[in-house]
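Trainee: Predicted model and sequence below, questions to follow.
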Amino acid sequence: MASEDTVPESGDATPTQQQQLLPDEERRLIKDIINKDHMAVGDQYYLVSGKWFGIWKDYVNYSGRAQDMEGSLSSSMELGSARPDEIDNSSLLDAKQELKQDLVEGDDYELLPEAAWTLLHSWYVS
């Protein structure tokens, strides 16, 4: 369970599913959390499918590679990246619905700080 201290330090409230953010806003919020995070013993992290996270990163232009002539970021709509479907971590589970043992971080899954997971979950799980 996420507590109120998982809201980004900028004071941004966690948007509800009904408040769909622009891709640039989603990217900024998640990047801010990830960039400020320093893994420590006892911290809680969440696994998200590498495939799903890659689709989301394309949608929000996470790398910032696509820029227009003035240097500002183009919207994902212009780039043709569709908003991802709900988060699907089924590829991380075996037939017994247990976590697969041979998963590779950065390929099969990404580790996300609790605050980042809470936001993505609020946006992409109904």
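Mentor: In hand now; what should we look at?
Trainee: C-alpha from now on. contacts and neighbour counts both.
Mentor: Noted.
Trainee: can you give me the helices for the protein?
Mentor: 23-36, 50-60, 76-79, 114-124 (DSSP state H).
Trainee: between those, which one is nearest to Val104?
Mentor: Among the helices of the chain, the nearest to Val104 by CA to CA is helix 50-60 (9.4 Å).
Trainee: just the angle between the closest one and helix 23-36, please?
Mentor: 120 degrees (axes from the mean of the first three to the mean of the last three CA atoms, to 10 degrees).
Trainee: Identify all contacting residues around helix 50-60.
Mentor: 23-24, 26-27, 63, 75-76, 81-84, 87-89, 106-110 (CA atoms under 8 Å, 6 or more residues apart in numbering).
Trainee: Now mean pLDDT and distance to Gln97 too, for the helices of the chain, in JSON lines please.
Mentor: Below are these laid out as JSON lines (pLDDT from 0 to 100; distance: least, CA to CA, whole Å):
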{"stretch": "helix 23-36", "mean pLDDT": "96", "distance to Gln97": "28"}
{"stretch": "helix 50-60", "mean pLDDT": "97", "distance to Gln97": "18"}
{"stretch": "helix 76-79", "mean pLDDT": "49", "distance to Gln97": "34"}
{"stretch": "helix 114-124", "mean pLDDT": "96", "distance to Gln97": "20"}
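Trainee: Out of those, flag the one nearest Asp43.
Mentor: helix 114-124 (8.3 Å).
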